[in-house]
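>>> Pasting a predicted model and its sequence here:
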Amino acid sequence: MKQNPRALWKCPECEREFANRNQTHTCAPIRSVDEHFAGKEPHVRALFDAFVAQLETIGPFRILPEKTRIAFQVRMSFAQVTPRRTHLDGHLVLAERCEHPAFRKVETISKRNHVHHFRLVDASQLTAAFVSFMRDAYKVGCQEHLRRT
């Protein structure tokens with residue numbers, strides 16, 4: 001996967017890195033991944049680990065355990081999950097809008113950024129089709145969608 005060579009901008013307050021200088025964000029302390037799973041059923045952590053394992057087959061990324069979610073970033077955030085007591089809610093950012101049963105809702109943020117919301121209750125939902133969407137989201141994280149003509 002070809003990476004964008006331009007350096008990331010680091011917020012001088014929270015030290016989080018972003019693709020765009022002075023990116024709007026909330027400077028909040030990063031939590032630990034484990035904190036997100038306190039009070040959740042054990043299978044929810046296993047489901048998260050399965051999600052991460054699939055992402056690791058695609059390429060390198062950062063895990064950002066923020067206040068209310070766990071984000072996944074290359075140059076930009078391309079996916080996130082929010083652990084709930086019995087499941088994971090999350091989204092993938094895709095360059096094109098895609099209607100698929102895996103997605104509960106799709107929000108168009110801009111011409112090249114569409115947020116596809118999902119709910120995972122079981123690792124069997126990490127199908128070949130879903131992993132393909134994860135690959136497409138990873139490309140958005142690398143900002144490959146911005147280099148298309």
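Okay, I see it. Computed from a predicted structure; not experimentally measured.
>>> Going by residue numbers, what spans are helices in this protein?
According to DSSP state H, the chain carries its helices in the segments 33-36, 42-56, 128-141.
>>> buried sites along the shortest one?
Taking 16 or more other C-beta atoms under 10 Å as the neighbour-count basis, helix 33-36 is seen to contain the buried residues Val33, His36. Where you see a C-beta, it was placed from the backbone N, CA and C, and this is true even at glycine.
>>> pull the CA atoms of it into CSV?
The C-alpha trace of helix 33-36 is given here as CSV (Å, rounded to 0.1, in the frame of the first residue of the first chain):
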residue,chain,number,x,y,z
VAL,A,33,-7.7,0.0,25.2
ASP,A,34,-8.3,-2.1,28.3
GLU,A,35,-10.3,0.8,30.0
HIS,A,36,-12.8,0.6,27.1
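>>> contact partners of that helix?
For helix 33-36, the surrounding residues in contact (C-beta atoms under 8 Å, 6 or more residues apart in numbering) are Phe48, Ile63, Pro65, Ile70, Pro83.
>>> Tabulate these in TSV, adding columns for distance to Val140 and neighbour count.
Formatted as TSV, the entries for these read as follows, by distance: C-beta to C-beta, whole Å; neighbours: other C-beta atoms under 10 Å:
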residue	distance to Val140	neighbour count
Phe48	21	21
Ile63	17	13
Pro65	21	15
Ile70	17	23
Pro83	23	23
